[in-house]
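Enquirer: Build me a structure from this.
(one chain, ligands or ions: 1)
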Amino acid sequence: MEARDGVSARDLMQPGRGIAYDDFIILPGHIDFHYQDVDLSTQLTRRVRLQLPFVSSPMDTVTEHKMAIKLALLGGMGVIHYNNAIEEQADEVRRVKRYENGFITAPVVLGPGATVEDVFAIKERYGFSGIPITEDGRPDGRLVGIVTNRDIEFEPDRGRPVSEVMTTDLVTGPAGITLQEANDLLRRSKKGKLPIIDAEGRLVSLVSRRDLLKNRDYPLASKDERKQLRVGAAVSTRDEDRPRVEALVEAGVDVVVVDAAQGDSVYEIDMIRWIKATFPDVDVIGGNVVTRAQARRLIEAGADGLRIGMGPGSICTTQGVMAVGRAQATAVYMTAQVGRAAGVPVLADGGVSTIGHMAKALALGASAVMMGYMFAGTEEAPGEYFYDGHGVRLKRYRGMASIEAMAAGGDKRYMTKADDRKVKVAQGVSGAVTDKGPLDDYVPYLVQGLKQSLQDMGVLGLAQLHEALRDESLRFERRSSAAQLEGGVHGLYSYKDSGLGLRSK
Ligand code: IMP
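Expert: Residues are numbered from 1 along each chain as shown. Here you go, the predicted structure:
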């Protein structure tokens, strides 16, 4: 019989030998379409659909509202971390849900009694002037004026109250106007800022001339039925986090991610059951799991999506410290089969450091990829940039089970009861990653790379990819260590790495 190229995914997975993304390769298919026609839309959970299979990790150096807003605008979704007070996390969710492209929904405001000095301080801290003045100094107070650069530029008395220098001849827009209408008003008024107010004269938002020029349209944005951006939020498995779930639902969260390093526990099952019984309209992602039995138990408990991975994270030391976990490619393949049979999508979480890893996770049945490392170091990740001794621009990135993050509350993911926390065993490290720039530039790069990868496989989209996985027309091969060397750069005296997001070791 004539030999057949490669093996099916099933045959790739030999019993007893877990494999990582780098252990195998996908054989090319036939190309009869342009890569731009590749469809990356996918199902994140039973009910939430995304245009891109990218989700950012609930980690305090990865996802707060800035990351979640921009990722949702671009077609993915962010999951807000819970290393914070309940109200803080709910507020992060609210910021995403209230976000309207082009409208500043929580502008910095001052009260009439504030001084010129306060305006200078804001200007220095945030780099902008043009500050709305409300009656009571609250962001949703009645608008009484606006202080711009011109009002204070030559003011010698910095102690003067803003009420004496502010502009009261205001051009405002009514709540509910479209960005287009707001932009027209701004253009005609020749002002720098356009406050948007409701019928009672209360401030709703602000449109800035500076933003006008850089406002992009986001046709792939992940939105709910009310046209608000989608956002996820993580909670622990503990009973004491039930009020957290309530606050998140109240804030409008779309997906609750029940977050535990080992998700197959009675605590997590109880939590999922409780959320599904109390808030049937909210989708729940359970995890993390890596075996078929674990996946089945969380699906039985009611999970609408599964998060897969134990130990592959770039900042993770779990497998070494705990001796428990699974190689990620095997974990994704095994659980995705169980998920598929039940109509529950799986999210491959951790261990992705190249576009190729994403493609492999999806090719093994994952519906979306959750990433910490890939999004850490972008402009939208929390934290400030800093420079190392060689002038390289960096941002902090740390595991939620690093000693530093645990000290700030991150150990909820690893300990099931509050009083377990006296002794801390770290399962993660704290480090730094290089600057990846703004998501507006970075995500299109990931998208194009992934589309080209699927084109090379000869599949027109994620649905076709999963079909080819099932009918075994998608072929795989193991890579020997020599094959891995051969597939990397070799033999050169020196070279500059411009690879697909490869990290230097
Ligand atoms: P990365 O994308 O490879 O950086 O992995 C990110 C994933 O690692 C997260 O989504 C979590 O599932 C997991 N993770 C986060 N913090 C820790 C930790 O401290 N130890 C182990 N795993 C972690």
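
Enquirer: what's the burial count for residue 2?
Expert: Residues lying near residue 2 (other C-beta atoms under 10 Å) number 3. (Each C-beta comes from the backbone N, C-alpha and C, glycine too.)

Enquirer: Do you have the strands of the stretch 401-505 of the chain handy? List them.
Expert: Here the stretch 401-505 of the chain has its strands, by DSSP state E, counting those that start in this stretch, at 430-434, 476-478.

Enquirer: how about the nearest residue to the single nearest residue of the stretch 101-250 of the chain relative to the ligand, chain neighbours excluded?
Expert: Residue of the stretch 101-250 of the chain nearest the ligand, by C-beta to the nearest ligand atom: residue 234 (9.3 Å). For residue 234, ignoring the flanking residues on the chain, the nearest one in space by C-beta to C-beta, 6 or more residues apart in numbering is residue 58 at 3.5 Å.

Enquirer: Pretty sure that neighbour sits against residue 77.
Expert: No: between residue 58 and residue 77 there is no contact under C-beta atoms under 8 Å: 11.3 Å.

Enquirer: Give me the common contacts of those two.
Expert: Shared contacts of residue 58 and residue 77 (C-beta atoms under 8 Å, 6 or more residues apart in numbering): residue 232.

Enquirer: For this protein, what lies in contact range of the ligand?
Expert: When proximity is defined as C-beta under 6 Å from any ligand atom, the chain approaches the ligand at 57, 59, 288, 309, 313-316, 318, 349-352, 370-373, 399-402, 427-428.

Enquirer: Got the phi and psi for the nearest residue to residue 166 once chain neighbours are set aside?
Expert: Spatially, and ignoring its direct neighbours in sequence, residue 166 is nearest to residue 145 (3.5 Å; C-beta to C-beta, 6+ apart). When read as degrees, to the nearest 10, the backbone of residue 145 gives phi 180, psi -180.

Enquirer: where does residue 145 sit relative to residue 132, distance-wise?
Expert: 8 Å (C-beta to C-beta, to the nearest Å).

Enquirer: Kindly report the same for residue 39.
Expert: Counting by C-beta to C-beta, the gap from residue 39 to residue 132 is 43 Å.

Enquirer: and what of residue 146?
Expert: Per C-beta to C-beta, residue 146 is found 5 Å from residue 132.

Enquirer: cool, and residue 302?
Expert: Distance of residue 302 to residue 132, given as C-beta to C-beta: 45 Å.

Enquirer: residues touching residue 71, list them.
Expert: With contact taken as C-beta under 8 Å, 6+ apart, residue 71 is in contact with 54, 55, 56, 77, 78, 375, 380, 439, 443.

Enquirer: mind running it again at 7 Å?
Expert: Residue 71 is in contact with 54, 56, 77, 78, 439, counting by C-beta atoms under 7 Å, 6 or more residues apart in numbering.

Enquirer: picking that back up, of residue 39 and residue 132, which one has the most company?
Expert: For residue 39 versus residue 132, neighbours defined as other C-beta under 10 Å are more numerous around residue 132 (25 against 15).

Enquirer: The more buried one belongs to a strand, doesn't it?
Expert: Yes: assessed by DSSP: H, G, I helix; E, B strand; the rest coil, residue 132 belongs to a strand.

Enquirer: how about the helices in the stretch 151-300 of the chain?
Expert: 162-165, 179-189, 209-214, 242-251, 266-278, 292-301 (DSSP state H, counting those that start in this stretch).

Enquirer: For the third one, name the packing helices and strands.
Expert: When you say that, I think you mean helix 209-214. helix 179-189 (3 or more C-beta pairs under 7 Å, 6 or more residues apart in numbering; DSSP states H and E).

Enquirer: And for the helix it packs on, what's in contact with it?
Expert: Outside helix 179-189, the residues within contact range by C-beta under 7 Å, 6+ apart are 101, 102, 103, 171, 173, 194, 196, 207, 209, 212, 215.
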